[in-house]
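Trainee: Sequence first, then the predicted structure, then my questions.
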Amino acid sequence: MWVMGAERSRNHAATPDEVKQMQALLKQCLDAGSIGMSGSWVDIDHERHPVPARLAEHSELEALCETLGENNAILQMVPEFWDADILRVRIDQLADISRKYNISTTFSPLFDSNAWPNLVYLAMDRIRLQSAHGARVTPQMQIRPIDLSFDLTQPNSTFATLPGWWAATILPVAEKREKLKDPELRKSLCTQLESFMQPIGLQIDFRDAYVKRMGKPDAKLMNRSMRDIAAERNCHFGEAIIDLALEHDFDISFGLDAIGHNNSPKIGQLMLDPLVGLGAGDGGAHVSNFATYGDTSLLFSEYVRKQHSLSLEYAVRKLTHDIAVVWNVKSRGLLRPGFAADVVIFDANTMDRGVEIPVDDLPASGWRYVRRNAGVKQVIVNGALAYDVDAGYSDKKAGAITERVAV
Amino acid sequence: MNDALKPLRKYIQPKIGDNWETIAAREFPGQPQDKVIENLKSWNLFLAFRPTPMITPSDIMFVEPPAQQ
């Protein structure tokens, strides 16, 4: 985008000259301390255009990977994680790139879809095969289950395969307010919810959606499901969603819990695989769809204490040493003379991510979900106390840009 | 290529500016276009149903049906 400009990068593939400029820019970023390059094969931007990486031909990606290879830097991609056939093609592509340019590659997330239960095993079989042939492709196993929030202020992944809902939510507010009163449209929207292609490997039943957040909380509605409210109002559950949104001028959010990647015993077993990395945290992203904080805390509460899938020591290793190795980070991930003294002191018996809390602290309008960690006592960065549970954050800035392991 | 690493399912990546029609004509020349496009869409539901109906050069498009389960 820096090289091509905002508009051209969203509508055109790069010319050979632009690719050369991108290579030079990438080299500059790597020299300044970047760990590698990240891209996506699936994401859309704020105006629902494919992100520029998706407009790139494979040759452009390869050119940039050549630069990564010259600097021992990593490539991270977001693949079509919900479809085993496409995901295995992406694993093959990453493996080819890894071998050709001698780089580590990683993708996010490795996602256990209840709609395609053997997907993760098919993906791991392919990764094992490619690893046996010299490729470095590390899947980032997501730690948290998929709990989504949606509202009717804007389209989101919940409506990705519901074109009528997508089109309705994208409308300007005044127009949307009127259109959602139209009986024919309401009927059509309700019909769509009865049977639809599930988006991105999720399993959604909108009857189970519940009132999760209200601008002005109403105890008579909070936490009640659309199944329940629709029965009380003698209407379709789709109409319950629409009417609640209209009655509260769209300042109401609906929750859908455990709609994917929620089989903890199965996921815990997969985490034991040395080829599986942990990641896909998305820290801070998604704002009002879900709080992507606390995945590392959840590893201890869910997979160490509750499921007993991982030992405490192995969980720590997965979050520290293994990540440093996969990401080529020098002098991190172990407590050893000469390494950075980055230490988290926590109570293994209480470490937890906390519940989702809606807060209104964004610099402009809007709101977001946060979580409040429990269990972390102190965080030490490069030997300096950066956080203490009683004293809060320190003003000391002891952090330093990490170096990559030399080629 | 090592036989073990051969693609599990035949696919293409679109060229710049491609759409269902150009891909159908190039990959299945001489075959009825409507039928070919219908097949392509059924083998690539993710592309057919995506909310922003755009085919990009980085997409994976399968040009044969999925393996029998």
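Mentor: Received, thanks.
Trainee: hmm, which helix or strand of chain B has the shakiest average pLDDT?
Mentor: Lowest on mean pLDDT, DSSP states H and E among the helices and strands of chain B sits helix B:45-49, with a mean of 88.
Trainee: What helices and strands are in contact with the helix or strand following it?
Mentor: Using DSSP states H and E, the helix or strand that follows helix B:45-49 in sequence is strand B:61-62. If contacts are counted by 3 or more CB pairs under 8 Å, 6 or more residues apart in numbering or on different chains; DSSP states H and E, strand B:61-62 sits against strand B:11-12. Where C-beta positions appear, they are placed from N, C-alpha and C, glycine not excepted.
Trainee: Show me how far the strand it packs on is from its chain's centre.
Mentor: 6 Å (CA atoms, centre = their mean, to the nearest Å).
Trainee: try stretch A:229-238
Mentor: So, by CA atoms, centre = their mean, the centroid of stretch A:229-238 is 33 Å from its chain's centroid.
Trainee: Between the two ends of that stretch, how far is it?
Mentor: For stretch A:229-238, the first-to-last residue distance is 11 Å (CA to CA, to the nearest Å).
Trainee: Contacts for it next, please.
Mentor: Under the contact criterion CB atoms under 8 Å, 6 or more residues apart in numbering or on different chains, stretch A:229-238 has outside partners A:186, A:189-190, A:192-193, A:206-207, A:209, A:211, A:221, A:226-227, A:239-240, A:243-244.
Trainee: Show me these that map onto helices.
Mentor: Taking DSSP state H, the ones among the contacts of stretch A:229-238 that sit in helices are A:R186, A:L189, A:C190, A:Q192, A:L193, A:M226, A:R227, A:E239, A:A240, A:D243, A:L244.
Trainee: ok, now which ones touch the first one?
Mentor: For A:R186, the contact set (CB under 8 Å, 6+ apart) comprises A:L180, A:G238, A:E239, A:I242.
Trainee: Quick check: residues of chain B near chain A?
Mentor: B:2, B:4-5, B:7-9, B:11, B:13, B:16, B:45-46, B:49-52, B:54, B:56-60, B:62, B:66 (CB under 8 Å from any CB of the partner chain).
Trainee: Tell me which residues touch the residue sitting nearest the centre point of chain B, please.
Mentor: For chain B, B:M61 is the residue whose C-alpha lies nearest the centre (CA atoms, centre = their mean; 3.2 Å). Counting by CB under 8 Å, 6+ apart, B:M61 touches B:Y11, B:I12, B:Q13, B:P14, B:I23, B:L40, B:N44, B:L47, B:I55.
Trainee: ok, now with 10 Å
Mentor: A:86, B:11-14, B:18, B:20, B:23, B:27, B:40, B:43-44, B:46-47, B:55 (CB atoms under 10 Å, 6 or more residues apart in numbering or on different chains).
Trainee: Show me what it is bridged to.
Mentor: Counting by DSSP bridges, B:M61 forms beta bridges with B:I12.
Trainee: On the pLDDT front, check it for me.
Mentor: Looking at B:M61, its pLDDT reads 98.
Trainee: Same check on A:G283?
Mentor: With respect to pLDDT, A:G283 has a value of 76.
Trainee: shouldn't A:A386 be in contact with A:A341?
Mentor: No - the pair A:A386 / A:A341 is not scored as a contact, 11.1 Å apart, by CB atoms under 10 Å.
Trainee: Those two: who's more crowded?
Mentor: A count of neighbours by other CB atoms under 10 Å in any protein chain shown puts A:A386 above the other of A:A386 and A:A341, at 19 against 11.
Trainee: and the more buried one, what does it touch?
Mentor: Counted by CB under 10 Å, 6+ apart, A:A386 has contacts A:342-344, A:378-380, A:393-399.
Trainee: Does it belong to a helix, a strand or coil?
Mentor: Three-state call for A:A386 (DSSP: H, G, I helix; E, B strand; the rest coil): strand.
Trainee: For it, give its distance to chain B.
Mentor: Remark: distance between A:A386 and chain B (CB to the nearest CB, to the nearest Å) = 39 Å.
Trainee: Next: A:R353.
Mentor: Computed as CB to the nearest CB, the A:R353 to chain B distance reads 31 Å.
Trainee: follow-up on the earlier one: type out the PyMOL command that picks the buried ones from the contacts of B:M61.
Mentor: A single PyMOL command selects the buried members of the contacts of B:M61 (16 or more other CB atoms under 10 Å in any protein chain shown):
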select buried, (chain A and resi 86) or (chain B and resi 11+14+18+20+23+40+43+44+46+47+55)
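Trainee: now, which of the contacts of B:M61 sits nearest A:V304?
Mentor: A:I86 (32.9 Å; CB to CB).
Trainee: Show the pLDDT at A:M197.
Mentor: In this prediction, A:M197 has a pLDDT value of 86.
Trainee: right, I mislabeled it, should have said A:V407
Mentor: Model confidence at A:V407 (pLDDT) stands at 59.
Trainee: A:H46 now?
Mentor: 76.
Trainee: List the residues that contact it.
Mentor: Counted by CB under 10 Å, 6+ apart, A:H46 has contacts A:Q154.
Trainee: any idea how far A:A240 is from the spatially most distant residue from the centre of chain A?
Mentor: The outermost residue of chain A, judged against the average C-alpha position, is A:N234 (37.4 Å), by CA atoms, centre = their mean. Separation of A:N234 from A:A240 (CB to CB, to the nearest Å): 10 Å.
Trainee: How about B:D3?
Mentor: Counting by CB to CB, the gap from B:D3 to A:A240 is 56 Å.
Trainee: Mind checking which of the two has more residues around it?
Mentor: A:A240 (26 against 5).
Trainee: ok, which stretches of the stretch 201-350 of chain A are strands?
Mentor: Here the stretch 201-350 of chain A has its strands, by DSSP state E, counting those that start in this stretch, at A:210-214, A:252-256, A:277-279, A:343-346.
Trainee: Turn those into a markdown table, including mean pLDDT.
Mentor: Formatted as a markdown table, the strands of the stretch 201-350 of chain A follow (pLDDT from 0 to 100):
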| stretch | mean pLDDT |
| --- | --- |
| strand A:210-214 | 96 |
| strand A:252-256 | 96 |
| strand A:277-279 | 95 |
| strand A:343-346 | 97 |
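Trainee: Give me the below-cutoff pLDDT ranges for chain B.
Mentor: Within chain B, the ranges that satisfy pLDDT under 70 run B:69.
Trainee: Look through it and tell me its longest helix.
Mentor: Counting residues, the longest helix found in chain B (DSSP H) is helix B:33-43.
Trainee: No further queries at this time; thank you.
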